[in-house]
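Engineer: Quick check, what structure comes out for this input:
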Amino acid sequence: MNGTHFNQIVAHYIEKFEYINNKDYREYYKWEIAGRFRAMMDAALSASDEDLPKALSAAKKLSENLIDNYTQPFGGLVEFSKREPETVRRMFSDLYAEDGGSVLEKQNKIRDFLQKSHTLRDRYYPESFLYNDDFHSVSGYIFLYDPDHNYLYKYDQAKRFADCIEFMEDWGSGENTRLDIYYRMCDEVVARIKASSELLQTDASRFDTRVFANADRFHPDTEKHILCFDLIYCSTVYGLFHGISFESIPAKERKLFTEKVQKAQELKAAYDRVIEQERTLTEVLDSIRQLLAPGLKVTHKTFGEGTVVGIEGLKKIIIEFKKSGTKTLGVISTLCGGFFQTENEELNALVLQNKELLLSESKIPTRIKEAKRKLIPYMEYLT
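Structural biologist: Below is the predicted model of the structure:
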C-alpha cells in the first residue's frame with residue numbers, strides 16, 4: 001500500500017469532515033442506518049408470512065441510500081416475499097448464519113443468496129432489470145446487519161481507491177468478485193485507520209450528541225468498518241484524491257500480481273507444513289525415548305526376547321537379548337521395521353500412528369531447505 005497516498009486521503013477526509021456531514025450531505029447516515037438495521041431485520045424475519053413483506057419494506061426504506069438506488073434489488077426481495085415468504089426468509093437466515101469469520105464461507109453464502117434471488121426474479125419478473133441483486137446489494141445486507149465483521153462493496157469506488165493506494169491484488173468483478181482479496185484490502189485500510197490518532201479523534205466527534213442529536217443511536221463501529229467504507233466512498237464523491245497523482249492499474253498487471261501472491265501463499269503453506277512435520281517428529285521421538293525406558297521387555301523376530309538397557313546418542317537403542325547378547329540398533333529402523341514389539345502398548349500405538357513420519361526423518365531437513373529455497377523469491381508478496 002502507498003502510505004503517502006493513504007495519508008493524503010485521510011488528511012483531506014479530516015479537512016472536509018464537517019462539510020460531508022453537514023445538513024445537506026449527512027454522510028453520517030451510514031452509522032445511523034447500521035444502528036437500526038439489525039433490529040429491523042430480526043423483527044422482519046420473525047414476523048408472520050403475512051407481515052414479512054411490510055417489515056422487509058421498512059428495512060428496505062431505511063437502507064435505500066446504500067442499497068436501492070437506480071435499481072431496486074431490495075425492493076425486488078420485498079415483492080418476492082409476497083409470493084414466497086418462506087423462501088425469502090430462509091435466504092436471509094442463511095445469509096446471516098454464523099460463519100466463524102470465514103471469508104470463504106461468506107463468499108459461498110453470497111453466491112447462494114444471489115442464485116436464489118435470480119431464480120425468484122426470473123420466475124416472477126423475468127423482464128425487470130430493477131430487481132437484480134448483485135454483489136454490492138448482498139454485501140450491503142450482511143454489512144448493515146453486522147458491520148463489525150463485514151465490509152460493504154461498491155466496485156467503481158473501491159477500484160479507484162485501490163488504484164490510488166496501489167493495492168495490487170485483483171479481486172475481479174461482478175459475481176466473480178473474490179471477497180477474500182477485497183476484505184484483505186479493507187483489513188489493511190482498517191489497520192492504518194486504527195493507527196491514525198488524528199483520524200480516530202475526528203471520527204469520535206461523530207458520536208458527540210451536541211453535534212448530531214441522534215448520535216447516541218449510531219452504530220458504535222468499534223472495528224471501524226463503516227469508517228473504512230466512508231473513506232472509500234468519500235474519496236470519489238468528495239474529491240479526496242485531489243492533488244494525488246495516480247493511474248489506473250491495468251488488469252493484466254493486477255492479475256500477474258495476484259498470481260504471485262497466491263503462489264507465495266501456497267509456498268508459505270508448504271513450508272509451514274514441513275516445519276510442522278519437523279516439530280511433530282521431535283515430539284514423537286521425545287515420547288518414544290521416554291517410553292523406551294531401561295527394563296522394558298521387547299521381542300525381536302530375529303534376536304528373540306530382550307530387555308532395553310538404554311539409549312545411545314538419542315538415535316540408537318541398546319538391548320540385552322537373552323540368547324543373542326547385547327545389540328545396538330537404530331531406534332526408527334527397529335521400531336518401524338515390522339519385526340519388533342514391546343510390552344508397552346502405548347509405545348506400540350505411537351509408532352504405528354506415526355510410522356510414515358518416522359520413516360521420513362532423514363528427508364525432512366532436505367524438505368525444509370527446498371521449501372525455503374522456493375519461498376524466498378516470493379517473500380515480498382506475503383502480507
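Engineer: Go through the protein and flag its longest helix.
Structural biologist: helix 251-291 (DSSP state H).
Engineer: can you give me the mean pLDDT across that one?
Structural biologist: The average pLDDT for helix 251-291 rounds to 92.
Engineer: Kindly report the same for stretch 87-95.
Structural biologist: Per-residue scores along stretch 87-95 average to 98.
Engineer: picking up where we left off before, buried sites along the helix or strand following the longest helix of the chain?
Structural biologist: Using DSSP states H and E, the next helix or strand after helix 251-291 towards the C-terminus is strand 297-300. For strand 297-300, the neighbour count (16 or more other CB atoms under 10 Å) marks 298, 300 as buried. Every residue, glycine included, has its C-beta placed from N, CA and C.
Engineer: name the helices or strands packed onto strand 297-300?
Structural biologist: strand 304-312, strand 316-321, strand 340-342 (3 or more CB pairs under 8 Å, 6 or more residues apart in numbering; DSSP states H and E).
Engineer: Which neighbouring elements make contact with the last one?
Structural biologist: Using 3+ CB pairs under 8 Å, 6+ apart as the contact criterion, the secondary-structure elements in contact with strand 340-342 are strand 297-300.
Engineer: Partner strands of the strand it packs on, with direction?
Structural biologist: strand 304-312 (antiparallel), strand 340-342 (antiparallel) (DSSP bridges).
Engineer: now what about the longest one, what contacts it?
Structural biologist: In other words, strand 304-312. 289, 292-300, 317-324, 326-328, 331 (CB atoms under 8 Å, 6 or more residues apart in numbering).
Engineer: likewise stretch 323-330?
Structural biologist: Contacts for stretch 323-330 (CB under 8 Å, 6+ apart): 302-304, 306, 309, 312, 315-321.
Engineer: Try it again at 6 Å.
Structural biologist: Contacts of stretch 323-330 with the rest of the structure, by CB atoms under 6 Å, 6 or more residues apart in numbering, involve 303-304, 316-320.
Engineer: Likewise for stretch 67-79?
Structural biologist: By CB under 6 Å, 6+ apart, stretch 67-79 touches 53, 56-57, 60, 88, 130-131, 133, 137, 140.
Engineer: I'd like to know which of the residues you listed are buried.
Structural biologist: By 16+ other CB under 10 Å, these give 53, 56-57, 60, 88, 131, 133, 137, 140 as buried.
Engineer: Quick one: these as TSV, columns for distance to Asp272 and secondary structure too.
Structural biologist: What follows is the buried ones among the contacts of stretch 67-79, written out as TSV (distance: CB to CB, whole Å; DSSP: H, G, I helix; E, B strand; the rest coil):
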residue	distance to Asp272	secondary structure
Pro53	50	helix
Leu56	45	helix
Ser57	50	helix
Lys60	46	helix
Val88	43	helix
Tyr131	46	coil
Asp133	38	coil
Ser137	38	helix
Gly140	36	helix
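Engineer: of those residues, closest to Phe113?
Structural biologist: Ranked by distance to Phe113 (CB to CB), the buried ones among the contacts of stretch 67-79 are led by Asp133 at 7.2 Å.
Engineer: In this model Ser117 seems to touch the closest one, though I could be wrong.
Structural biologist: Yes. Applying CB atoms under 6 Å as the test, Asp133 and Ser117 come out as touching, 4.1 Å apart.
Engineer: Find the nearest non-adjacent residue to Tyr125, please.
Structural biologist: Distance criterion CB to CB, 6 or more residues apart in numbering; nearest residue to Tyr125, sequence neighbours excluded, is Tyr131 at 5.3 Å.
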